[in-house]
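S.K.: Sharing a model prediction with you, sequence too.
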Amino acid sequence: MTLPQVVAVVPGSPAALAGLTIGDEIASINGVVPRDIIEYRLLTDEPDPELDLRRGGMDLTVTAVKDAGVALGVEVSSAVFDRVRTCDNHCEFCFIYQLPPNLRKSLYVKDDDYRLSFLYGNFTTLTRFTEADLERVVTEGLGPLYVSIHATDPELRSRMLRNRRGATSLRWLRALLDHGVEVHGQIVVCPGMNDGAALDDTFAGIMDRFPELATAAAVPLGVSRWSKEAGLRPHTKDEALKVCGAIDRWQSAFLTGVGRRTVFAADEYYLLADRPFPEVEEYEGFTQHENGVGMARAFLAELAGETTPADSDGIAAERAPASGFFASVDGAPADGYRAPRTLIPVSASGAVPPCGTPGPNPVRADSGPAVIITGEYGARVLNAGLAAIGRDDVAVEPVRNSFFGGNIAVSGLLAGEDIAKALLSIGNGQRVLLPDVCLSNGRFLDGASVEDLPRRVEVIPADGGSLRAALALQAVAA
């Protein structure tokens, strides 16, 4: 077990006034050694918590004077202080098995930890879930959780997970729902394995056995050029059309049976099938937005300046994940699904602070016509959106993902080396916009940073409202 290490202290916070400094290790809080950021948060929510610290080989104790519920005011080094519960499945479609070599070590960690499901929206198969875990989830109200279902047929699920416990672990899903825990499901649809009649059987199984499930998303198999599984292949257009058709049928069935659509298809299916995206209201709140479900429709609506009855200021609030008392995660590092994205200020020299550094809106490095760098799927959405708002003065530069290869075409998996190649074809003086989903802590997946690119770019949040605002600045300047 590692101790949480302080990596940032908010000036003027109770932690700062108590004397906490960067580098301090928190050995215990009120005599309790926290296992994870969840327990840390509960302990530090108490009034006047007493912290046992280790600083440069010395032990000391401080008391942070504050009221109950007031944030302590520190950020620590990780979200889990004991050992992350790793995955013991061996799914042939697991994307971690399809990563190139020599990336940062954290990318190769296969977790199956319900705590990371709660904190960051990671999907868990529940094959390592226990009675003690269920008790903690229910007692502490750790929801929503996100569960990889893949199939409701026990034999098929066990075969897909390559784990015999896959046949029985969905009993924990039933138990979670019985205790009122909000759960969202995912089905990675693999051609020839769990599509077609098997997918219909899975939807029927959800309606029959898990009708309280909040949502279930069908997402297509991603196959990179690094995959070693001969049986894996991308969907054909006809297969994508069939998945969209199945979603249409089962949404109607769920609307009749449980009063909501429940099942949804990832945006990639509509792109593969050349079908229009469903309307905003058909996504019922965009609860799986970060899983690529409704992301395109939300983006197009925001870019067009549309609002919905649920949110008079736009759809951003509607699609935000429910996160209980972790709506603002005091203490946890700002990584993952629930992390708020922040703009990256670009100086006149092109210097870029690490992702997440607070600051003003990015300085425009160039003032010529705008070019948006994005993935191949993103380019199709952007071209349609820009045409709809009459911005024929903005160019879109689709970047082919040579780093991963295969059918990987989403913007969030673009590597710095592919973006760098694309930038070489853009004229000097043009204003280059890059969505922030390409970056994590200021780094691309291949470890490159924005500073490593051959020219300056302006990093903006990857939502339609932010792009609309950035292009409005362009129009004013013009």
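M.R.: Yes, it's here.
S.K.: Quick check: the closest residue to Tyr40 other than its chain neighbours vs Leu53, distance?
M.R.: Closest residue in space to Tyr40, ignoring its immediate chain neighbours: Pro34 at 4.2 Å, by Cβ to Cβ, 6 or more residues apart in numbering. In short, each C-beta sits where N, CA and C put it, glycine included. Taking Cβ to Cβ, to the nearest Å as the measure, Pro34 falls 13 Å from Leu53.
S.K.: So between these two, which is more surrounded?
M.R.: Pro34 (24 against 21; other Cβ atoms under 10 Å).
S.K.: Touching, the more buried one and Pro49? I think so.
M.R.: No: in this structure, Pro34 is not within contact of Pro49 by Cβ atoms under 8 Å, at 10.9 Å.
S.K.: Please enumerate the shared neighbours of those two.
M.R.: Leu43 (Cβ atoms under 8 Å, 6 or more residues apart in numbering).
S.K.: burial measure for Gly429, as a count.
M.R.: Neighbours around Gly429, by other Cβ under 10 Å: 10.
S.K.: Check the secondary structure at it for me.
M.R.: coil (DSSP: H, G, I helix; E, B strand; the rest coil).
S.K.: average pLDDT for the helix or strand hosting Asp59?
M.R.: Assigned by DSSP states H and E, Asp59 belongs to strand 58-63. Across strand 58-63, the average pLDDT comes to 96.
S.K.: which helices and strands sit right next to it?
M.R.: Strand 58-63 sits against strand 50-55, with contacts defined as 3 or more Cβ pairs under 8 Å, 6 or more residues apart in numbering; DSSP states H and E.
S.K.: can you list contacts of stretch 162-171?
M.R.: 88-92, 125-127, 129, 149, 152, 154-155, 157-160, 209-210.
S.K.: Now do the end-to-end distance for that stretch.
M.R.: Start-to-end span of stretch 162-171 (Cα to Cα, to the nearest Å) is 18 Å.
S.K.: Name the residues of it that are buried.
M.R.: Buried residues in stretch 162-171, counted by 16 or more other Cβ atoms under 10 Å: Asn163, Arg165, Gly166, Ala167, Ser169, Leu170.
S.K.: again with stretch 81-94
M.R.: Buried-residue list, stretch 81-94, by 16+ other Cβ under 10 Å: Phe81, Val84, Arg85, Cys87, Asn89, Cys91, Glu92, Phe93, Cys94.
S.K.: Just the ones in helices from these, please.
M.R.: Residues of the buried residues of stretch 81-94 located in helices (DSSP state H): none.
S.K.: now those in JSON lines, with pLDDT and distance to Val9?
M.R.: Formatted as JSON lines, the buried residues of stretch 81-94 follow (pLDDT from 0 to 100; distance: Cβ to Cβ, whole Å):
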{"residue": "Phe81", "pLDDT": "91", "distance to Val9": "18"}
{"residue": "Val84", "pLDDT": "88", "distance to Val9": "25"}
{"residue": "Arg85", "pLDDT": "91", "distance to Val9": "30"}
{"residue": "Cys87", "pLDDT": "93", "distance to Val9": "34"}
{"residue": "Asn89", "pLDDT": "94", "distance to Val9": "39"}
{"residue": "Cys91", "pLDDT": "94", "distance to Val9": "41"}
{"residue": "Glu92", "pLDDT": "91", "distance to Val9": "45"}
{"residue": "Phe93", "pLDDT": "93", "distance to Val9": "43"}
{"residue": "Cys94", "pLDDT": "93", "distance to Val9": "38"}
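S.K.: Would you check which pair of those lies furthest apart?
M.R.: Maximum pairwise distance among these (Cβ to Cβ): 32.6 Å, between Phe81 and Glu92.
S.K.: Following element in sequence after the helix or strand bottoming out on mean pLDDT in the chain, please.
M.R.: Least confident helix or strand, the chain: helix 316-319 with a mean of 53, by mean pLDDT, DSSP states H and E. For helix 316-319, the succeeding helix or strand toward the C-terminus, using DSSP H and E, is strand 370-375.
S.K.: Check which helices and strands that following strand sits against.
M.R.: strand 395-399, helix 416-423, strand 431-435, helix 464-477.
S.K.: For that strand, which strands pair with it and how are they oriented?
M.R.: Within its sheet, strand 370-375 is paired with strand 395-399 (parallel), strand 431-435 (parallel), according to DSSP bridges.
S.K.: Neighbouring strands - and their directions - for the helix or strand that the last one is followed by?
M.R.: Following the chain from strand 431-435 toward its C-terminal end, the next helix or strand by DSSP H and E is strand 458-460. In the sheet containing strand 458-460, the strands it pairs with under DSSP bridges are strand 431-435 (parallel).
S.K.: and the partner strand with helix 416-423, angle?
M.R.: Compare the direction of strand 431-435 with that of helix 416-423 by axes from the mean of the first three to the mean of the last three Cα atoms, to 10 degrees and you get 150 degrees.
S.K.: now the strands for the stretch 51-200 of the chain?
M.R.: With strands called from DSSP state E, counting those that start in this stretch, the stretch 51-200 of the chain shows them at 58-63, 74-76, 145-148, 183-189.
S.K.: Counting by contacts, list what the third one packs against.
M.R.: When contacts are defined as 3+ Cβ pairs under 8 Å, 6+ apart, strand 145-148 sits against helix 114-120, strand 183-189.
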